[in-house]
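J.: please work out how this folds:
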Amino acid sequence: MATPVIKSDHAAQQRPPVSEPERRRLVSYVLPVYNEAGGIQTFQDRLLAASQTRPDLDFEFIYVNDGSRDGSLQILERIAESCPLVRVVDLSRNFGHQMAITAGLDHARGDAVIVMDTDLQDPPEVSMELIAAWESGAQIVYAQRRSRKDTPMKRFTAHAYYRLLHRFADVDIPVDTGDFRLMDRATTDVLRAHRERNRFVRGLVASLGYKQVAVPFDRDERTSGQTNYPMSKMLRLAADGVTSFSTVPLKMITRLGVATVVLALLGIVYAIGLRLFFPDVSVPGWTLLMIMVLFLGGVQMLSLGVIGSYVGRIYTEVQGRPLYMVQKVVEHDRDAEPLRRDRA
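T.: The predicted structure follows:
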């Protein structure tokens, strides 16, 4: 009868454990597009070239078509057909730049998310510096404009706006920064939980806290087309920024009301004093009366306008309507994962 052989598992115990392959990190780009047909392909080429300098990372490019009317969607669809990294989120209409950013964030799957415009004023190469700062431990990295190639009027208004907002806002919003920034997965998820309709994304990001660092850069000229932020939109964005993160306008109404009451009391004292001590001196009638009526009427209308802005924000919030609506999502292969490069 053969003697059974008992194999020792000592060798198996000495064998080093097989380690699982390290998961490659994914960086998502959120790229809002509105009437940028003249420069999208150039932007895509530069962005793709910049991403190829980091073969250790995986990338996905999420273009959000915000109701473009110039053929931008058709160009984006062709890009998506030829590039596995690209996904196109087509909104049902124009919802605005801030909503387009929100839609892109909702579709981003990356460990880090970079938001930038596609007009090439924000150089794609700078995004690699944002990634480097993220890898050094920062959770939010914002690109801060060191210089900008705009008209003198544009530079003056932007300079004044950012500093007034920085002074009035209840949160510390960095000056000379737009929406060009990187956020890690945790901060992106927290930002996505903010579903207010009157959105001012750069203010929302600043209010999150976490570890934030700046990367200075020089802003380039627009390569094609016209700015999508004319003066009317800039004023609207400025109003959203102030009313979203500051109650200073309401406090100014109170101070203006106090000042008006003080002036009115002084006028009453003046009129009574003339009546008692200088009865022969007639008090000017119509001129003083019209000045006071017009002044008080202007103050009241201005105050109602400011209060109405805050009440209007409350009205739109309580309606609870969707922030945006997606018409379709176009990608190279809906079932495929983002492009995985071989290790260098």
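
J.: which residue ranges of the stretch 101-250 of the chain form helices?
T.: Using DSSP state H, counting those that start in this stretch, the helices found in the stretch 101-250 of the chain span residues 126-135, 152-168, 185-192, 201-208, 231-245, 248-277.

J.: out of those, name the one with the poorest average pLDDT.
T.: Note on the helices of the stretch 101-250 of the chain: lowest mean pLDDT is at helix 231-245, with a mean of 61.

J.: gap between I173 and D106?
T.: I173 sits 23 Å away from D106, going by CB to CB, to the nearest Å. Every residue, glycine included, has its C-beta placed from N, CA and C.

J.: those two: who's more crowded?
T.: Neighbour totals were compared for I173 and D106, and I173 leads with 21 against 16 (other CB atoms under 10 Å).

J.: could I get the pLDDT score of the more buried one?
T.: pLDDT, read off for I173, is 73.

J.: leaving out chain neighbours, which residue sits closest to it?
T.: Distances taken as CB to CB, 6 or more residues apart in numbering put A206 closest to I173, at 4.6 Å, once the chain neighbours are dropped.

J.: what's around that neighbour, how many residues?
T.: Other residues lying near A206 total 21 when counted by other CB under 10 Å.

J.: and if you look at the one 5 residues further on?
T.: Per other CB under 10 Å, the neighbour tally for K211 reads 11.

J.: for it, give me its contacts.
T.: Contact analysis of K211 by CB atoms under 8 Å, 6 or more residues apart in numbering lists G137, A138, Q139, I140.

J.: CSV please, covering those residues and showing pLDDT and neighbour count.
T.: Output for the contacts of K211, formatted as CSV (pLDDT from 0 to 100; neighbours: other CB atoms under 10 Å):
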residue, pLDDT, neighbour count
G137, 89, 8
A138, 90, 20
Q139, 91, 19
I140, 91, 23
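
J.: ok, so of those residues, who is nearest M301?
T.: Nearest to M301 among these: I140, at 40.7 Å, using CB to CB.

J.: so the closest one bridges to which residues?
T.: I140 has these beta-bridge partners by DSSP bridges: M183, Q212.

J.: what ranges does this protein have for its strands?
T.: Taking DSSP state E as the test, the strands found in the chain are 26-33, 58-65, 86-91, 112-115, 140-148, 177-184, 212-219, 326-331.

J.: which other residues reach the third one?
T.: Identification of contacts with strand 86-91 by CB under 8 Å, 6+ apart yields 44, 60-67, 73, 76-77, 79-80, 99-100, 103-104, 107, 324-332.

J.: and if we set it to 7 Å?
T.: 60-67, 73, 76-77, 79-80, 100, 103-104, 107, 324-332 (CB atoms under 7 Å, 6 or more residues apart in numbering).
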